Structures are given as C-alpha cells and as structure tokens.
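> what follows is a predicted protein model with its sequence.
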Amino acid sequence: MSADTPLPAVHTVADLSTRIASWRAEGRRIGFVPTMGALHAGHLALVSDALERADRVIASVFVNPTQFAPGEDFDSYPRTLDADAAKLAEAGCHLLYAPTAREMYPEGFATTVSVAGPAEGLESEARPHFFAGVATVVAKLLNQVRPDVAVFGEKDYQQLLVVRRLAADLDLGVEIAAGATVREPDGLALSSRNAYLDAADRTRAARLNVILKELAEALASGTPVDDAIKTARAAAGEAFDAVDYVEARDAETLAELPPGPVDRPARVLAAVRLGDVRLIDNMAV
C-alpha cells in the first residue's frame, strides 16, 4: 500500500468480517491498531510494529463518545479521516475500519465493561468515566476484528495495562503488544491534543518529560519513593497550571510502591494541565 493507492475502508461489522474472512482463508496473521484518528508519527509507529508481527494490519478510526465526560473535548476533537487514511496507506496498513457511532452503539445498547485492578486511581481520579468507556469500546473492537495481535502505545501506559487485563480476564485470545512512546526532539510525547497548545505552552509542555526523567533517575539511584515524588510534584506545580498527579507505581500492576528505595520494576506517571489542555506521560524506572 502507498499514498498513491487509496486505502481500502469498511464502515460496518459485516463488511469488516467479510474482508477478515478472506484473509483467514489464506492463513494470514492479522494485526490491529485501534485509534481515535488525528494520526501522527506515534500512531504510524504502532502500525509499523503491527506489520512486524502480522501479515495483514487493520487500523480503526473511531472517536469514542463513551470515554468523554460532559465538558470534555468530544465535539472539538480533531477529525481528519481522509488525511488519516492517506497516512495509513503510506505506512503500509492494509485496511481502515471506520465505524459510525450508530454501528458501534446501536439503539438499545445497554452494556458496559468495567475493569478494576490497573484501572483504579491515576487517570480514574480525574476522569472516573474514562476506563469504562475505553474497556467497552476496546472489547467490542477486539471482538469485531478478532486479531492475533493488537498494538497499543506505552504513552497511555495505564490504558495499556487495562487492555491487557481485559483481554486476559475475558479470554479474548489476542496478544496485546506495547509500542514505545514516540517523542518530539525536546522530549514531549506525541499526542493528537498537542495541536491545542499555543507556542508558549508548547515550550512549557516539554518540561513534563524533564520532570519525569529526573524522577526516574532519582528512584533508580536509590532516593526513597516519597522523597523523590515530593520533589517531582513541586517541580510540576511550578511548571504547569495544575497537576492531576505525579506518581511512581509498580510497572506490572500500577499498585503503590512501598516506602524506601524502589525494589522492583517501576513506572513514573504524570498528568498535568496547561490551560484547557491536559498532558499525560510516563517512563520506566
């Protein structure tokens, strides 16, 4: 597939199933990259990861209304389907799945998937609605596509662990692979919402990567967890308009770490605000 060749697209579960059935009949291994569109290099890196793991790769574009709370940016969230399709074609994707809201949530839809464990705390404190919306739509997408492997970005690390828990607990039979965070030269993690930042706030936004890097280095050098987090939170408070959280957690479960030096694989995570823009990031210790 190339940018000169239009990317095949389907918009219904029935058409998706027909296309996948033909690939299955040929013995193809199928990879899947779910997105909300407004694609950037981070999304395309996930497609590349999927291409290394599968013979055919499907990417979905669906701005999922159930993971937005009233007052969030659902209506203004960038929708650039034609540009997204061109980027996916250039990246080597084989099929675009772009369902409508009615296709995903037909009249009478009344089911919600709820995940505990890694979904508790952090993002759930500021956005208590969020992971129920994510888990429900991801469960539907994975059931519709039934891929061998689905690739999710580490940039949304808590979401990655929630999806892994979901897939394991519901016996979905899909490998959930992690794609590394793609960053700007100054360290800012790529995000569709970065487009909301003005020039001054874009410069300030890069500070988040520095604060998390300093926190991870402090923990790696043996600084007690509470002391390291206290320092990082103070730095974030000076750099940003508001701080939702700055935390260090167990890398596998997101459980809180015991006091003292870190004695296990850990992850540092943060969510901050610049005006109306909310930034999240994380990195390994």
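Yep, it's here. Numbers count the residues shown, from 1 in each chain.
> could you use CA atoms for every contact and neighbour count after this?
Will do.
> surely F240 and R273 touch.
Yes. Here F240 reaches R273: they are 6.2 Å apart, a contact under CA atoms under 8 Å.
> overlap of the contact sets of these two?
Counting by CA atoms under 8 Å, 6 or more residues apart in numbering, no residue touches both F240 and R273.
> who touches the host helix or strand of L96?
Applying DSSP states H and E as the criterion places L96 in strand 95-97. Applying CA under 8 Å, 6+ apart, the contact partners of strand 95-97 are 7-12, 16, 57-61, 85, 88.
> hmm, try it at 6 Å
For strand 95-97, contacts defined as CA atoms under 6 Å, 6 or more residues apart in numbering pick out 8-11, 58-60.
> most surrounded residue in those residues?
Using other CA atoms under 10 Å as the neighbour criterion, A59 leads the contacts of strand 95-97 with 29 neighbours.
> re earlier: turn the contacts of strand 95-97 into CSV, columns for secondary structure and pLDDT.
Converted to CSV, those look like this (DSSP: H, G, I helix; E, B strand; the rest coil; pLDDT from 0 to 100):
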residue, secondary structure, pLDDT
P8, coil, 97
A9, strand, 98
V10, strand, 98
H11, coil, 98
I58, strand, 98
A59, strand, 98
S60, strand, 98
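> okay, buried residues for the next helix or strand after the strand holding L96 please.
Using DSSP H and E, the helix or strand that follows strand 95-97 towards the C-terminus is helix 101-104. Going by neighbour count (16 or more other CA atoms under 10 Å), the buried part of helix 101-104 is M104.
> next: stretch 107-122.
For stretch 107-122, the neighbour count (16+ other CA under 10 Å) marks 115, 118-122 as buried.
> which residues are in contact with the most centrally placed residue in the chain?
Centroid-nearest residue in the chain: D156, 4.0 Å away (criterion: CA atoms, centre = their mean). Neighbour list for D156: empty [criterion: CA under 6 Å, 6+ apart].
> quickly list the domain ranges of the chain.
As assigned by the TED database, the chain contains the domains 9-179, 192-284.
> out of those, which comes closest to P185?
Nearest to P185, of all the domains of the chain, is domain 192-284, at 9.5 Å by CA to CA.
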